[in-house]
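K.L.:
take this sequence and fold it.
(one chain, ligands or ions: 1)
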Amino acid sequence: MNDKLIRGLLMEGSVNMTMISGRELVEAARQAHGLSHVMTAALGRLLMQTAMMSAQLKSKTDNITVIFDGDGPAGRLVAVGREGGVVKGYADDPSVELPLNGKGKLDVSGAVGKRGELRVIRDLSLKEPYVGRCPITDGEIANDFANYFFTSEQQPSLVYLGVRVDPASGAVRAASGLLIQPLPFCPERDIAALEAKASEIPALTKMLEEGFEAEDALIELLGELHPEFTEKLEPRFMCDCSRQKIEAALVSLGRDELADMIEKDGGAELTCRFCGSRYVFNKEELTSLLEYASSGGAEDADR
Ligand SMILES: [Zn+2]
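P.N.:
Now for the predicted structure:
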């Protein structure tokens, strides 16, 4: 079963809906970062939320950065989403592991913290990126986003995020998310109908694990609300780093720093934070970057 990002409407168009089925995406993040069980759930939830928010982006240069800056042992979690629900992300400490919480679930709030700040930076090719922020009050991530949308963007929202991890291997069995946002003209009775449905939505991830297709699971869960699907995308965990970008970053360090690396270390090894890719530069390669920097290539970056 492939990952899916489905956009649509509920109740004759009065409510916006975005759903993600993201097992492969979360599994790719787990493997890239060597995520522990609880961190697979934590970063997986954040990545799926970011993918759902990025589904609306319409330009290649637009992106959304989400920073979950809690006071837990995992440190900061960062995710960046691009057009079409393509995401990358990392946690300061991917290895934090905790016992299951009182409900027998992975203790996400224990790992990321119940206090701190959630920041959302929407960079939409405008002059200034839009930065929204709100305090973290829950730490299970979905409720924190519902709170963020309501307090920072004045948008009431129902947010569900779930990751099921194999207790033995840590592999992702199923992962899904749902973002439901009533439009301003949504009648009160439709909001009441949504609220009545909210308690059933956490069944979504289990249904996918049992083999439901994403569309069928949505119809099974939300059929009474008349879902219409308007767009389907393939979300992915994929980094946009490249050797070329890392070279540009090295050049931007300036001549002195590069000369220092050549002299003291005889080379450089850089690891991309977002995907764990390693980039190795030997002495000759660094020397040619130094020559480029000395010829004026780094003038822009030095300023
Ligand atoms: Zn990368």
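K.L.:
what kind of secondary structure is M261 in?
P.N.:
helix (DSSP: H, G, I helix; E, B strand; the rest coil).
K.L.:
L286 is in contact with that one, correct?
P.N.:
Yes - if you go by CB atoms under 8 Å, M261 and L286 touch, sitting 5.9 Å apart. Heads up, the C-betas are built off the backbone N, CA and C, glycines and all.
K.L.:
quick one, strands of the chain?
P.N.:
Using DSSP state E, the strands of the chain run over residues 4-10, 15-21, 63-70, 76-82, 86-91, 116-123, 130-136, 158-165, 172-182, 228-233, 236-237, 267-271, 278-282.
K.L.:
any chance of those in TSV, plus mean pLDDT?
P.N.:
Shown next, in TSV, are the strands of the chain (pLDDT from 0 to 100):
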stretch	mean pLDDT
strand 4-10	97
strand 15-21	97
strand 63-70	98
strand 76-82	98
strand 86-91	98
strand 116-123	96
strand 130-136	96
strand 158-165	97
strand 172-182	97
strand 228-233	96
strand 236-237	97
strand 267-271	91
strand 278-282	94
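K.L.:
so which of the ones you listed gets nearest the ion?
P.N.:
The minimum distance between the ion and the strands of the chain falls on strand 86-91, with 6.5 Å, by CB to the ion.
K.L.:
give me the sheet partners of that closest one and which way each runs.
P.N.:
Using DSSP bridges, the strands paired with strand 86-91 are strand 76-82 (antiparallel), strand 236-237 (parallel).
K.L.:
before we move on, the earlier item: would you mind giving the strands of the chain as TSV with distance to the ion and mean neighbour count added?
P.N.:
Shown next, in TSV, are these (distance: least, CB to the ion, whole Å; neighbours: other CB atoms under 10 Å):
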stretch	distance to the ion	mean neighbour count
strand 4-10	21	21
strand 15-21	21	25
strand 63-70	14	22
strand 76-82	10	23
strand 86-91	7	26
strand 116-123	18	18
strand 130-136	24	15
strand 158-165	22	24
strand 172-182	20	24
strand 228-233	21	13
strand 236-237	11	22
strand 267-271	9	14
strand 278-282	9	14
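K.L.:
do you know which of those lies nearest I201?
P.N.:
Checking the strands of the chain against I201 by CB to CB gives strand 158-165 as the closest, at 4.7 Å.
K.L.:
and the contacts of that closest one?
P.N.:
Identification of contacts with strand 158-165 by CB atoms under 8 Å, 6 or more residues apart in numbering yields 26, 37, 40-41, 44-45, 48-49, 106, 141-143, 145-146, 149, 171-181, 194, 198, 201-202, 204-206, 209.
K.L.:
do the same with stretch 199-208
P.N.:
1, 19, 21, 23, 158, 160, 162-164, 174-176, 178, 214, 217, 220-221.
K.L.:
returning to what we had before: out of the strands paired with strand 86-91, flag the one nearest C272.
P.N.:
Among the strands paired with strand 86-91, strand 76-82 sits nearest to C272 (CB to CB), with 12.1 Å.
K.L.:
alpha carbons only: can I get the closest one in PDB?
P.N.:
The C-alpha coordinates for strand 76-82 follow below in PDB (Å, rounded to 0.1, in the frame of the first residue of the first chain):
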ATOM      1  CA  ARG A  76      13.600  20.300  19.400                       C
ATOM      2  CA  LEU A  77      11.800  18.600  16.500                       C
ATOM      3  CA  VAL A  78      11.900  20.300  13.200                       C
ATOM      4  CA  ALA A  79      10.000  19.500  10.000                       C
ATOM      5  CA  VAL A  80       9.900  21.300   6.600                       C
ATOM      6  CA  GLY A  81       7.300  20.700   4.000                       C
ATOM      7  CA  ARG A  82       7.200  21.500   0.300                       C
END
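K.L.:
pLDDT weak spots in this structure?
P.N.:
1, 296-303 (pLDDT under 70).
K.L.:
let's see it at 90
P.N.:
1-2, 56, 58, 124-128, 253-254, 292-303 (pLDDT under 90).
K.L.:
so which bits of it are right by the ion?
P.N.:
239, 241, 272, 274-275, 277 (CB under 5 Å from the ion).
K.L.:
just the buried residues of these.
P.N.:
Among those, the ones that count as buried by 16 or more other CB atoms under 10 Å are 239, 241, 272, 274-275.
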